[in-house]
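Participant: Generate coordinates for the sequence data below:
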Amino acid sequence: MREWAQRHPDDRSWWQDYLARMPEHRVPCGRYREAHLREIRFPDAVSSGWGMLGRETQAMLLAALSSALFELGDAEAVSVLMESHGRHEWAESDDFSHSVGWYTALYPVVVKRPIDGVSHLGQVKDALASVPSHGMGYGVWTTQDANPLPSVHPFASLNYLGSFDQEQGAGAFWKRIEGGLAGTISGSFERDHPVDINVWFHEGRLQGVLACYEPAWVDILCDRIPLYLADYMNNGNPCFDDNSDRVSDVRRDD
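Facilitator: Sure, this is the predicted structure:
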């Protein structure tokens, strides 16, 4: 990571300026509540192409999440901690043969209050594109530098886990477990953000789990995030302009 940082010296000054202008949010305390998002079902034509959208997926999810968050108050901007796989910028010369672990890039993004749906999706895409090196520098300069930059606590975190449709039958290398693991994290565990959301794609459906400290927000976010996402996919993404491929069934399994 130090070698990577030496190849990207301009990233540090960019993050220093960006973090200095980031809105502050009070980190809550107490127990949080978990709930499942309303599910979005996709037509087959959309499902088959979902995994090829790449960064477009993050943009639409962030646009939907931030639109829902702006309904909770009158803030002019909201910060969201994004998570990506962290393998974008490695050079061919980088040797990982003696390393063990999962390379993940965590980085904050500031999203401004939208004027209308179309401009908001474009604004979110611009905000993501402005972050250098797909966000890898944030972790480097806040944890690995001799004079680290201050880390921040965004209002929400968003993690798109990807598509789980690659699993096979009984002999598969891995299998999705319904209902979670036995050692579920306690509700008293302190999180760094008022709102955490994990989203994944499975069997033609976009699903997700929301963790939130404010009980009054849970139902609002679980309903509004999927509805905003369906709207952006139907109206704001050129990959879904064909009326035959519109997202028509947005529902929640209670």
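Participant: do you know how far the nearest residue to residue 112 once chain neighbours are set aside is from residue 113?
Facilitator: Nearest residue to residue 112, sequence neighbours excluded (Cβ to Cβ, 6 or more residues apart in numbering): residue 77, at 4.9 Å. Just so you know, the C-beta spots here come from the backbone N, C-alpha and C atoms, and that holds for glycine as well. Counting by Cβ to Cβ, to the nearest Å, the separation of residue 77 from residue 113 is 7 Å.
Participant: show me the contacts for the residue nearest to residue 112.
Facilitator: 23, 110-113 (Cβ atoms under 8 Å, 6 or more residues apart in numbering).
Participant: for residue 128, same thing?
Facilitator: Residue 128 neighbours (Cβ under 8 Å, 6+ apart): 55, 58-59, 62, 82, 109.
Participant: So it versus residue 31, what's the distance?
Facilitator: 32 Å.
Participant: Also residue 120?
Facilitator: Taken as Cβ to Cβ, the span from residue 120 to residue 31 is 32 Å.
Participant: I'd assumed residue 138 was in contact with residue 148.
Facilitator: No - if you go by Cβ atoms under 8 Å, residue 148 and residue 138 don't touch, sitting 10.9 Å apart.
Participant: Find residues that contact each of those two.
Facilitator: By Cβ under 8 Å, 6+ apart, no residue touches both residue 148 and residue 138.
Participant: Flag every buried residue along the longest helix along the chain.
Facilitator: Ranked by residue count and defined by DSSP state H, the top helix of the chain is helix 215-235. Judged by neighbour count using 16 or more other Cβ atoms under 10 Å, the buried positions of helix 215-235 are 217-218, 221-222, 224-226, 228-233.
Participant: Okay, now the unreliable bits of the protein?
Facilitator: Applying pLDDT under 70 to the chain picks out residues 1-2, 27-30, 42-55, 85-103, 116-118, 164-191, 236-254.
Participant: Many thanks, I have nothing further to ask.
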